[in-house]
Every structure is written in structure tokens, then in C-alpha cells.
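starting from these lines, generate the structure:
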Amino acid sequence: MFYPETIKFLYGLRLFGAKFGLENTFQLAALAGNPQNRLRFIHAAGTNGKGSTCAMLESIYRQAGLRVGLFTSPHLVSFRERIQVNRRLIAEDDIVRLVEDMQPWLKQFPDGHHPTFFEVVTVMALKFFAEQQCDLVIWETGLGGRLDATNIVTPLVSVITNIQFDHQQWLGDTLEKIAAEKAGIIKPGVPVITATEEPEALKVIEEIARKQNAPLIKINSREGRRAAVPKQNQSGSPTRQPSHIENLSLSGEHQQLNAALALATVEILQNQIPVAEEQIHAGLQRVNWPGRLQLVTRESGQKILLDGAHNVAGVKALREALEKNFSATKRILVLGVLQDKDWPHICEILAPLATRIFTVPVSSERSTHPGELAAACRAADSSAEICACHSLDEALGKIGQDDFVVITGSLYLVGEALELLGQAPAGRDERGLNEWTATPSALARR
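The predicted model follows:
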């Protein structure tokens, strides 16, 4: 097989939808020799911020001299982004080889139980990280946690960033139900760290941690650092100083909280994986996570802010960042949102912040029509100039050389923007691999 054929094969796996559960992944991992048993993990779940927190942890531990695997989703442009070692994307040849290795194992599954795209990719990542002899793997859940394919591992520590409304059709329509799914990554006796503050969600996490005898560390967002660590969990190392967070390379108040989570994680693991103060400082100072409040300056001097705010909590964080850091700036908004998000509320939050708004489709089967977005934006702000466009490329052409542009609403849209703006190599139509549809059996199992 060649790389384009391999990507086509992975596209074909989308036909099997998403079957939430661990049976297939355990079986597929066993056929691969259970590579997860030869690795150490930090497992991260949560509604928002888990990717950024994972990027911070990866950067810190890489600065400490470890060989660090990073598994995240979705990808912005290239499928290879999902599997990285020391922030080097997995090579095309390795993807081809891993898929070829797995094809005979996939034939051993009976009809109706074929592994899904995400199950296959999860085991591909485990196999690759084991081959690469990673010292530590930063392991992000795909969706939820309890029945997510990534949940076949037993980590050194579990991280739950926060609990907000998102993916309600799969995870439940209350914060309690969503929290129960996310907290499914908590393992017996394994410390868990969370920045969740919603009382109903935090209560669920506390109950599950107690049942699992898992020490629980809670982060206080008001202070931007660790709130309290039970005495039995303290490693004896001092609390990290705020100066580490102040030197964080990622923008936005919400990233301060993600950094506090990362620092608490590093601290709780100090006895197992020592990290020096200067390595922590360097890790946070050099962390790179594209598409999250990423500011691009074009040759003309035009500034474009890219942010993959794809749910209500995300756009609220974006609004806070805009009001604090770009309050005197005349803003133009380019907005594209998936249909299964709360797009009317997203428009209500963002529309009043811009003088001109261009609504665009997202490169996804689930895209909200630009006309619907435009109507919602007009309802939220009748004074803004609003235009529905057929594509992001068209919108960028109409904007001209205006000083400040915000492109947001979906990570898929941000990925497309990175390509069009020359900030990422042109992809091979790989963004569509982010698409998936849950099967009826998946809903039944939930």
C-alpha cells in the first residue's frame, strides 16, 4: 500500500460509525500484543481544554528529557497530527506499515462487530508508541471517557479538565450524566485531578473517585493554581510558583487554568517522574498548540485570530479573550459551526462583538448552513453588516485588508484557514477523517 491508499482505507472505516465500548479495543490491542502494558500514561478527558493541557504536559516532560508520545484528536489538517513522538508527526511510511499490520487482525472480527475508525487508530497509536519506546504517553480521550476506546489503559494519573454541555446526544443531557461519562477514566487507586467547578458535575466526580479509592485533587480557577491537595497525596515538593503560568506561551485566561492543571499533574508525579523547576518553566514557555487563540499576521499587516471555539463554553472563553486583549480593535468575524452544536447560542454570544460578520460552511457533512448562521447573527446584532458566503475562501476574499479578523466556530474551519493562510502544508483531503456518526447500537450501549 501507498499513503493515499492507506488514507482511503481509513476513510472506509468511517462506515462502521462509532460503537462506544471497550470490547473491540481490548481485543484488537491483544492481537497487537497489548502494547499498552509496556507504556506509562497520563489520561485526559473533559469538555474543553484537554488538548491544550495535553500539549503543556507533553512540552514539560519533553523538556525534562523524556521521549513523549502524544495522542490527540481531531486533527486540524493532517491525520498524522494525531500520533506524535516528541512533537514529530508520525511518518507516512509508519502509518502505511501499521495499517498493513492491522488488516489481518481486523478480519478476525465477526460481521457487525468490525472495529471503528477510532478503535483502529487508538491501537495503531499504542503499537507505535511502544515501538518508539516512549517513556510517557499523553493520552487524550476521543469522546466521553467511560466507553471511549482510549479507556483500556491504566494511567499514572487521570485528568478531567472541566464538564460543560457538549455532545449531549451521546453523553447525556445533564451535567451529571456528562460528568459520569468523563469520570469513567478514573481507575482504582489512581490519582485524579480536575478543574471542574459546576457543583452537580463535581459531586459525580467526587463520588466516583471515592468508590474507586482514587485520591482527588481539585484546582481552583479563581486562584489559577492548585486549591488543596489532601495530605496523603502530597509529594513533598513545593507548590509551583505563579511565575510559571505567567510565562505561558498560550494566550487566554482559560489557558491559565489549563496550566494549573498541568502543574498539579507534574507535581503529583514528582516521585515517579522528577521534573526540575527550570524544565517546567521552559516547557510552559515553549508549548505550541495551533488553532487556539493563534494570532497570524499577514504580509499586509492584517492580523487574523484563529480559535477553534466549537461550543458555548469555548466561545465564552473567546469572548473574554477578545474583550481583554483586543477591546479597542474593530473586529470582523468569520463564523462556521457544526449543526450538532448549539449554534444559535454561539451566534448570540459572538455576533455583538463584530462590526462585520461573514458566515461560512464548515468542510463537514454536519455543517450549519451559512444562511442559518447569518439569520441567527442578525437576530443577535442587527447593527452588524452580515454576509453569508459559499466558502471560507470567498469570505477571505471579501474581507480585503481590514485590520483584525477572527475565524472561529469549529476546529475543522480553523484547519482549513491554516491551509489557506499558508500556516500549514496543504493537506490531502484528510480533514474528512474527523467525520463520524454513532450507530444505533452505540446509543443503546450508552
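
quick one: contacts for the residue nearest the centre of the chain?
Residue closest to the average C-alpha location in the chain (C-alpha atoms, centre = their mean): G51, at 3.7 Å. Contact partners of G51, counting by C-beta atoms under 8 Å, 6 or more residues apart in numbering, are 72, 140, 289, 292. C-beta coordinates here come from the backbone N, C-alpha and C atoms, glycine included.

in which helix or strand does L396 reside?
Element membership for L396, per DSSP states H and E: helix 392-399.

pLDDT on the helix or strand following that helix, on average?
Once helix 392-399 ends, the next helix or strand along the chain (criterion: DSSP H and E) is strand 404-408. The average pLDDT for strand 404-408 rounds to 96.

chain center to strand 404-408: distance?
Remark: strand 404-408 is offset 20 Å from the chain centroid, using C-alpha atoms, centre = their mean, to the nearest Å.

partners of it in the sheet?
In the sheet, strand 404-408 lines up against strand 303-307 (parallel), strand 331-335 (parallel) (DSSP bridges).

T53: how many residues sit nearby?
When counting by other C-beta atoms under 10 Å, one arrives at 28 neighbours for T53.

helix, strand or coil: sort out the residue nearest to it when sequence neighbours are not counted for me.
Distance criterion C-beta to C-beta, 6 or more residues apart in numbering; nearest residue to T53, sequence neighbours excluded, is N258 at 4.5 Å. Three-state assignment for N258 (DSSP: H, G, I helix; E, B strand; the rest coil): helix.

near N258, how many other residues are there?
32.

tell me the secondary structure for C377?
In three-state terms, and counting by three-state DSSP, C377 is helix.

cool, and F129?
helix.

just H390 next, same as before
Going by three-state DSSP: H390 is coil.

what values do phi and psi take at it?
Dihedral pair for H390: phi -80, psi -20, per degrees, to the nearest 10.

for it, the count of nearby residues, please.
10.

again with E320
For E320, the count of nearby residues is 13 (other C-beta under 10 Å).

in which helix or strand would I find it?
Element membership for E320 (DSSP H and E) is helix 312-325.

show me what that helix is packed up against.
Helices and strands touching helix 312-325, by 3 or more C-beta pairs under 8 Å, 6 or more residues apart in numbering; DSSP states H and E, are helix 253-268, strand 303-307, helix 343-350, strand 404-408.

what's the closest of these to D111?
When these are ranked by proximity to D111, the top entry is helix 343-350, at 37.5 Å, counting by C-beta to C-beta.

next, the angle from that closest one to helix 312-325.
Going by axes from the mean of the first three to the mean of the last three C-alpha atoms, to 10 degrees, helix 343-350 is angled at 10 degrees with respect to helix 312-325.

quick one on the thing from earlier: let me know the closest of the contacts of G51 to E206.
Nearest member of the contacts of G51 to E206, counting by C-beta to C-beta, is E140, at 23.0 Å.

what separation do you get for that closest one and A195?
Here E140 is placed at a distance of 16 Å from A195 (C-beta to C-beta, to the nearest Å).

what of R14?
Using C-beta to C-beta, R14 is found at 33 Å from A195.

who has more neighbours, these two?
More crowded of R14 and A195, by other C-beta under 10 Å: A195, with 26 against 17.

show the pLDDT at S249.
81.

count of neighbours near it?
Neighbours of S249 using other C-beta under 10 Å come to 14.

ok, and the closest non-adjacent residue to I217?
In this structure, I217 finds its nearest non-sequential neighbour in I193, 4.4 Å apart by C-beta to C-beta, 6+ apart.

wait, that neighbour sits on A264?
Yes: if you go by C-beta atoms under 8 Å, I193 and A264 touch, sitting 5.2 Å apart.

tell me the angle the helix holding E320 makes with helix 253-268.
110 degrees.

burial count for L295?
Neighbours around L295, by other C-beta under 10 Å: 13.

quick one: classify it as helix, strand or coil.
Using three-state DSSP, the secondary structure recorded for L295 is strand.
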